[in-house]
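**Q** I would like to see how this sequence folds:
(one chain, ligands or ions: 1)
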Amino acid sequence: MTDLAPSLPQPLKTPILGHLPLAFDLLKLLKECHKDFGDAFAWQMGPRYVAVFSSPEANRQILLEDAARLSATDSFGPQSWILGQGLARLDGQSHKRMKKLLLPAFHREVINGHFHTIKEITTTNLRSWQRQIQLDATKACKGLALEIIIKSLFDLSLEAFPRLKTDLRKVFDALMVESGKPQTFLRFLAMLKVPGIPNLRQRLDHFFLERISEPSSPNSMLFLLKQATDSDGMQLSKQELRDQLLTLIVAGHDTTATALAWLLYELAHHPENQSKLREELKTANISEPTSLRGLPFLNAVIKETLRLHPPISLGIRKALEPLKISGFEIPKGANVLYCPYLTHRNPKLWGNPAKFLPERFLGPQPSRFSYVPFGAGEHSCIGMNLALFELQVIVVSLLTSCSWTLVEQPTEKLSPTLEPVNLHLKFSPL
Ligand code: HEM
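**A** Below is the predicted model of the structure:
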């Protein structure tokens with residue numbers, strides 16, 4: 001690193017806490033900094049120096065070229081007490097080994113095998129959605145996505161484990177402590193005083209170890225994970241399985257749920273797209289999982305939703321050594337963030353960036369690092385094909401049996417996924 005490398009611009013900060021008080025509204029802070037400073041800026045979050053980038057060139061550097069100098073493990077803090085050594089927290093060889101072991105559970109044929117499960121769970125949920133005058137769609141989508149991931153992983157119904165839902169919600173709260181939001185931190189500390197909550201880890205361990213020890217259904221992802229062997233012929237240990245299962249639930253449930261909620265919002269806000277999709281479905285064989293993947297307008301609608309509303313709007317790393325990103329000096333130990341939210345709304349990359357225009361994905365596709373809803377490089381999302389398939393199957397199931405309208409315009413919040421708040425929808429049978 002040369003002494004001539006410029007430092008990143010920063011907004012005005014308070015002494016000691018720096019920009020921490022502004023992190024109460026992280027999304028607002030991101031947008032304002034982007035307006036004032038462009039694609040690269042920094043924050044001082046208490047003792048932590050945080051560099052935020054959003055140009056495609058910086059994405060390429062962070063996710064690909066300099067990936068080995070940026071740790072995913074160290075970027076997280078105390079949350080390891082709950083998540084353990086899940087895939088997202090591993091680096092280097094141990095990350096490579098684990099990703100290889102998990103991949104068979106995400107093969108296309110395995111994903112196709114979830115087709116009927118996703119359809120059935122959607123149909124059951126829709127029955128209760130239609131009974132409500134106005135449905136809190138974000139909450140409803142979270143419930144639906146959780147049922148689907150539990151059924152896919154274990155071939156078990158969530159109903160059999162009533163406590164699991166609340167416990168997983170608490171895990172999300174714990175994760176928010178790390179997202180640097182003081183109000184959540186205080187809430188979490190307060191929660192620790194409530195009897196029973198300190199046993200969260202114990203209860204989750206118990207749930208997972210029981211599932212791991214009992215014979216697994218051949219239709220479950222766990223069955224495949226138990227069979228996987230690495231290049232030395234070693235299988236995943238019980239502890240490794242527990243950590244990966246929890247990571248898959250945490251990484252796969254809120255993300256897919258918020259993507260679905262935004263998708264329902266966009267289709268309610270632009271009802272002409274609901275009609276266009278129904279038109280497309282008229283000539284498709286919707287009882288065939290593979291044909292759902294080949295529907296151009298449906299895929300364009302999903303891609304455009306993930307562009308405007310990337311559930312993971314910030315990806316986080318920690319610099320293992322001093323380096324330069326986009327020509328700016330990054331000290332060792334700094335957090336380095338890439339920001340799909342800002343990349344996807346950059347007017348230099350996208351015409352009419354704030355507008356929902358699925359048609360933009362019908363022609364030539366954007367360059368690899370201008371569109372990163374699933375990240376890129378070694379840590380790219382292992383669940384991408386499962387998530388896309390889930391969205392395709394759910395939306396087709398809904399479009400063929402009901403229509404939905406917007407009751408209340410939502411606001412957006414980073415929490416830690418980008419979610420619509422107060423999204424109220426009304427579902428009616430066709
Ligand atoms: C629409 C839904 C989803 C979105 C937008 C999404 C997005 C992402 C992104 C952006 C990353 C990279 C994060 C980084 O660079 O730090 C990631 C990683 C990951 N995702 Fe997803 N994800 C989704 C669904 C899923 C599902 C369904 C699963 C599993 C069931 C899953 C499991 C994971 C895991 C384990 C990682 C870590 C991968 C690694 O470190 O190698 N995700 N996801």
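
**Q** just give me how far stretch 100-110 sits from the chain centre.
**A** For stretch 100-110, the gap between its own C-alpha mean and the chain's C-alpha mean amounts to 19 Å (C-alpha atoms, centre = their mean, to the nearest Å).

**Q** quick one: the strands in this structure?
**A** Listed in chain order, the strands found in the chain under DSSP state E are 40-45, 48-53, 70-71, 135-136, 315-319, 323-325, 328-330, 335-338, 402-408, 411-414, 418-421, 424-429.

**Q** what about the third one, near the ligand?
**A** No - using C-beta under 6 Å from any ligand atom, strand 70-71 never reaches the ligand; the gap is at least 9.9 Å. Yep, even glycine has a C-beta here, placed from its N, CA and C like the rest.

**Q** what pairs with that strand, parallel or antiparallel?
**A** According to DSSP bridges, the neighbouring strands of strand 70-71, each with its direction, are strand 315-319 (antiparallel).

**Q** what angle separates the partner strand from strand 48-53?
**A** 120 degrees (axes from the mean of the first three to the mean of the last three C-alpha atoms, to 10 degrees).

**Q** show residues contacting strand 315-319.
**A** When contacts are defined by C-beta atoms under 8 Å, 6 or more residues apart in numbering, strand 315-319 is touched by residues 62-63, 69-72, 74-76, 330-340, 375, 379.

**Q** mind giving me the ChimeraX command for buried ones among these?
**A** Those of those that meet the burial criterion (16 or more other C-beta atoms under 10 Å) are gathered into one ChimeraX selection, given here:
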select :62,63,69,70,71,72,75,76,330,334,335,336,337,338,339,340,375,379
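
**Q** residue contacts, the residue of the stretch 201-350 of the chain found nearest the ligand?
**A** Closest to the ligand within the stretch 201-350 of the chain is residue 252: 2.7 Å, counting by C-beta to the nearest ligand atom. Neighbouring residues of residue 252 by C-beta under 8 Å, 6+ apart: 145, 149, 383, 386, 387.

**Q** isn't the second one right up against residue 250?
**A** No - counting by C-beta atoms under 8 Å, no contact exists between residue 149 and residue 250, whose distance comes to 9.7 Å.

**Q** neighbour-wise, which of the two wins?
**A** Taking neighbours as other C-beta atoms under 10 Å, residue 149 and residue 250 compare with residue 149 leading, 25 against 21.

**Q** mind listing what the more buried one touches?
**A** 248, 249, 252, 253, 256.

**Q** can you flag which of those residues belong to helices?
**A** When these are checked against helices (DSSP state H), the matches are 248, 249, 252, 253, 256.

**Q** picking that back up, what would the contacts of residue 252 look like in TSV with distance to the ligand and pLDDT?
**A** As requested, the contacts of residue 252 are arranged in TSV below (distance: C-beta to the nearest ligand atom, whole Å; pLDDT from 0 to 100):
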residue	distance to the ligand	pLDDT
145	8	96
149	6	96
383	2	98
386	5	98
387	4	98
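
**Q** just those residues now: which is nearest residue 352?
**A** For residue 352, the closest of the contacts of residue 252 turns out to be residue 387, at 25.9 Å, with distances computed as C-beta to C-beta.

**Q** OK, contacts around the closest one?
**A** Counting by C-beta under 8 Å, 6+ apart, residue 387 makes contact with 252, 255, 256, 259, 374, 381.

**Q** what's near enough to touch the spatially closest residue to residue 226 that is not a sequence neighbour?
**A** Nearest-residue entry for residue 226: residue 216, 6.1 Å, with adjacent residues in sequence omitted and distances by C-beta to C-beta, 6 or more residues apart in numbering. If a contact means C-beta under 8 Å, 6+ apart, then residue 216 has 154, 155, 222, 223, 226 as its contacts.

**Q** equivalent analysis for residue 235, please.
**A** Listed by C-beta under 8 Å, 6+ apart, the contact partners of residue 235 are 226, 227, 228, 229.

**Q** same check on residue 236?
**A** Neighbour list for residue 236: 101, 225, 226, 228, 244 [criterion: C-beta under 8 Å, 6+ apart].

**Q** try 10 Å
**A** 97-98, 101-102, 212, 225-230, 242-245 (C-beta atoms under 10 Å, 6 or more residues apart in numbering).

**Q** up against the ligand, what does this protein have?
**A** If contact is defined as C-beta under 6 Å from any ligand atom, the residues of the chain in contact with the ligand are 87-88, 99, 247-248, 251-252, 255-256, 259, 311-312, 315, 373-375, 379, 381-383, 386-387.

**Q** the residue of the stretch 51-200 of the chain found nearest the ligand: neighbour count?
**A** With distances taken as C-beta to the nearest ligand atom, the stretch 51-200 of the chain approaches the ligand most closely at residue 88, which sits 3.7 Å away. Counted with other C-beta under 10 Å, residues neighbouring residue 88 total 21.

**Q** can I assume it is in contact with residue 381?
**A** Yes - Residue 88 lies in contact with residue 381 (C-beta atoms under 10 Å); the separation is 9.5 Å.

**Q** overlap in contacts of these two?
**A** Applying C-beta under 10 Å, 6+ apart, one finds that residue 88 and residue 381 are jointly contacted by 251, 375.

**Q** which ones are touching the residue most central in space within the chain?
**A** Among the residues of the chain, the smallest C-alpha distance to the mean C-alpha position (C-alpha atoms, centre = their mean) belongs to residue 255, namely 3.2 Å. The neighbours of residue 255, taking C-beta under 10 Å, 6+ apart as the test, are 145, 306, 310, 311, 312, 373, 374, 381, 383, 387, 417, 418.
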